[in-house]
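Enquirer: I would like the atomic coordinates for the input below:
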Amino acid sequence: MTRYVSADLRRLVESRASRICEYCLIHESDTFLGCQVDHVIAEKHGGATAAENLCYACTFCNRSKGSDIGSLTTGTREFTRFYNPRADRWTDHFSLNGVIIEPRTTVGEVTARILGFNDATRVLEREALQTIGRFPSPEASSQLQFREL
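Expert: Modelled structure (predicted):
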């Protein structure tokens, strides 16, 4: 296995995601630190550097997730995997309530909590973007509508 992600593969992941963080839905142009290609399942857990295991993630989601693949649920303390942008539909696990990303499932709960979707600074960022009509971005809105079909 290799950590190297070729330029062609990076472009494919970026294009497939429409330059949106596949976890929190922020558009790359709306975040100061941009987005990166992320291994959904880290290599150290057997994940491949291949299109079917790569997603586009903003710096905050990517750093918070790290090489983790899941966490313990708040209530039952049962290990639960994270949301997988390659295998799951976002709207099955989350919903937008204004600028708050609300989990719908235990997968959504552990993902939202560990990735810090609703930390105060991230909510403020989305509120500011919503004020200027950038959250959800047109690309994110389009993807949400497409994914709900």
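Enquirer: C-alpha from now on. contacts and neighbour counts both.
Expert: OK.
Enquirer: Show me the shaky parts of the chain.
Expert: Across the chain, the ranges flagged by pLDDT under 70 are 1-2, 146-149.
Enquirer: need the helices for it, in chain order.
Expert: 7-16, 59-65, 90-93, 106-115, 120-131, 138-148 (DSSP state H).
Enquirer: Report the contact partners of the nearest residue to Cys24 once chain neighbours are set aside.
Expert: Of all residues not flanking Cys24 in the chain, Phe117 sits nearest, at 6.4 Å (C-alpha to C-alpha, 6 or more residues apart in numbering). Phe117 sits next to Cys24, Cys61, Ile100, Ile101, Val123 when contact means C-alpha atoms under 8 Å, 6 or more residues apart in numbering.
Enquirer: what about the residue nearest to the third one when sequence neighbours are not counted, neighbour count?
Expert: The shortest distance from Ile100 to any residue that is not its chain neighbour, by C-alpha to C-alpha, 6+ apart, is 6.3 Å, and that residue is Asn118. Neighbour count of Asn118, defined by other C-alpha atoms under 10 Å: 17.
Enquirer: what residues are up against Asn118?
Expert: Counted by C-alpha under 8 Å, 6+ apart, Asn118 has contacts Ile100, Ile101, Ala112.
Enquirer: Next: Gly70.
Expert: With C-alpha under 8 Å, 6+ apart, Gly70 has these contacts: Phe79, Thr80, Arg81, Phe82, Val110, Thr111.
Enquirer: For Ala42, see how far away it is.
Expert: 11 Å (C-alpha to C-alpha, to the nearest Å).
Enquirer: What's the ChimeraX line that selects buried ones from the contacts of Gly70?
Expert: A single ChimeraX command selects the buried members of the contacts of Gly70 (16 or more other C-alpha atoms under 10 Å):
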select :80,81,82,110,111
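Enquirer: Same list, the contacts of Gly70, but as CSV with distance to Phe135 please.
Expert: Converted to CSV, these look like this (distance: C-alpha to C-alpha, whole Å):
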residue, distance to Phe135
Phe79, 32
Thr80, 28
Arg81, 27
Phe82, 23
Val110, 23
Thr111, 20
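Enquirer: Out of the contacts of Gly70, flag the one nearest to Ser29.
Expert: Checking the contacts of Gly70 against Ser29 with C-alpha to C-alpha, the nearest one is Thr111 at 23.0 Å.
Enquirer: That closest one touches Phe82, doesn't it?
Expert: Yes - counting by C-alpha atoms under 8 Å, Thr111 does reach Phe82; the two are 5.2 Å apart.
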